[in-house]
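**Student:** have a look at this fold, sequence not included:
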Ligand code: SF4
C-alpha cells in the first residue's frame, strides 16, 4: 500500500479501491515497457443532476507507474483472492459490514501503516540497525494523503539526494508527466510544480537575506544570481505568494535558481548554457525546464557559489583531514581523499579571490 500510494501519486480512495488486474504492462516498439494502472477516481465525479457519485468512475487515463508499483500490485494479487487489492477481509479481526464496502477504509489504512512502522522498527532493533529506525513523526500519524505531497516534495527538492532515489525520482517525474500529460485539472502533475515554485521562492528569499547581510558570491553566474535575488525582492516583497505568482515565478527564466548544497553551488539555470542539458545549443533546449543535478558538471557557466557554500566545503575538508590523519586508511583511499581535499581547498581559494557582494555588483553596474 505504501509503495503504491507513494510512487503512483494516486489519491487515498483511488489507491484503496484498486482492483485485481488493474496493472497492465505495455511492451513498446522501442523495447521499453510502460506499466499502466487503471482505477477509479472520485473527485468531482457527479451524475447528470450534479450529485456526487460515491462509487466514482473509471479514469479515462490510467496512471503510468514505475516498476516497483507494478511489483507491489503483483504481490497484492498473490496475497488474497478478493476483487479489491486492499480487502478489509485480510485482517484477523474482520467483521463484515455492508455499508463499509469490501475495501480497506482510510482509518484502517492509517492503523496498518502505524503497525508496519512498529514492525519495521522492531526488526531494525533486533538486527542492531539503529540507523534504519523510522522516527516518531512530529506531525502525527502517517496518512495516505501525505504520500502524494511527499513524493512531489522529493522530486523537486532532492532530485539528486541519494543516487538511487535521485534516479527513481527522475523516472517518476517523466512517468508522471507522461501519465498526466494533457490533463488540465488540478492533479498530481501540479504538485511537483507547486513544490518547485515554493523551493525556488525559498532559495531566492534566502539569497536576498544573505546578500543583504554582505554575503559574497563567486562563479561564472554570480552576477545573474545577484540580479535574480534583486528582482525577486522587488517583485515579490511579501512573504506569501498567490497561485498566480507561483506560476509567474516558474515561468520567469531569470529567476530559475536552484540551490545544490551537496555540490557547494547554486544553479542559475539557463537551458541554453546548461552542461547537463543534452539539447543545449539546439532549438529544443528549453524542453528541459529544470537542471539535472545528478549530471551536474563543475565547469558549467550556470554556477554561482556563496560564502555559505564555502562554509560547507570547509566542514567537509575538516572531516577529510581527520580521516586522512588517523592513519587507518589503505593508501589508495587516503590518496583519493587527499585529492578531494585539494580540490575543495582550490575551490575555496578561487571563491575568496573572486567573490563579489551585492553592493559591489551594484556599484559596478
Ligand atoms: S550542469 Fe549543474 S550548474 Fe549547470 S545547469 Fe546543470 S545542474 Fe545547473
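**Tutor:** Received it, and whenever you're ready, just let me know what you need. Note that this is a predicted model, so its numbers are computed, not measured. Numbers count the residues shown, from 1 in each chain.

**Student:** may I have the phi/psi pair for whatever residue of the stretch 101-250 of the chain ends up closest to the ligand?
**Tutor:** For the stretch 101-250 of the chain and the ligand, the shortest gap (CB to the nearest ligand atom) falls at residue 221, measuring 7.9 Å. Every C-beta, even on glycine, is put in place using the N, C-alpha and C of the backbone. Backbone torsions of residue 221, given as degrees, to the nearest 10, read phi -100, psi 20.

**Student:** which residue packs closest to it, ignoring adjacent ones?
**Tutor:** residue 268 (4.0 Å; CB to CB, 6 or more residues apart in numbering).

**Student:** that neighbour: neighbour count?
**Tutor:** Residue 268 has 28 neighbouring residues, counting by other CB atoms under 10 Å.

**Student:** picking that back up, the residue of the stretch 101-250 of the chain closest to the ligand contacts residue 304, correct?
**Tutor:** Yes. Contact status for residue 221 versus residue 304: in contact at 4.5 Å, counting by CB atoms under 8 Å.

**Student:** who has more neighbours out of those two?
**Tutor:** Between residue 221 and residue 304, residue 221 has the larger neighbour count (other CB under 10 Å), namely 25 against 22.

**Student:** residue contacts, the more buried one?
**Tutor:** The contact partners of residue 221, by CB atoms under 8 Å, 6 or more residues apart in numbering, come to 266, 268, 301, 302, 303, 304.

**Student:** likewise residue 274?
**Tutor:** Per CB under 8 Å, 6+ apart, neighbours of residue 274: 280, 285, 288, 291, 300, 302.

**Student:** and the fourth one, helix, strand or coil?
**Tutor:** Of the three states, residue 291 takes coil according to DSSP: H, G, I helix; E, B strand; the rest coil.

**Student:** residues in contact with it?
**Tutor:** 258, 260, 267, 269, 274, 276, 277, 302.

**Student:** helices of the stretch 101-250 of the chain, residue ranges please.
**Tutor:** Ranges of helices in the stretch 101-250 of the chain, per DSSP state H, counting those that start in this stretch, are 106-126, 144-157, 163-180, 190-212, 222-235, 243-251.

**Student:** please list the residues of the stretch 201-350 of the chain that sit near the ligand.
**Tutor:** 267, 269, 274, 275, 276, 291, 293, 296, 297, 300, 302, 303 (CB under 6 Å from any ligand atom).
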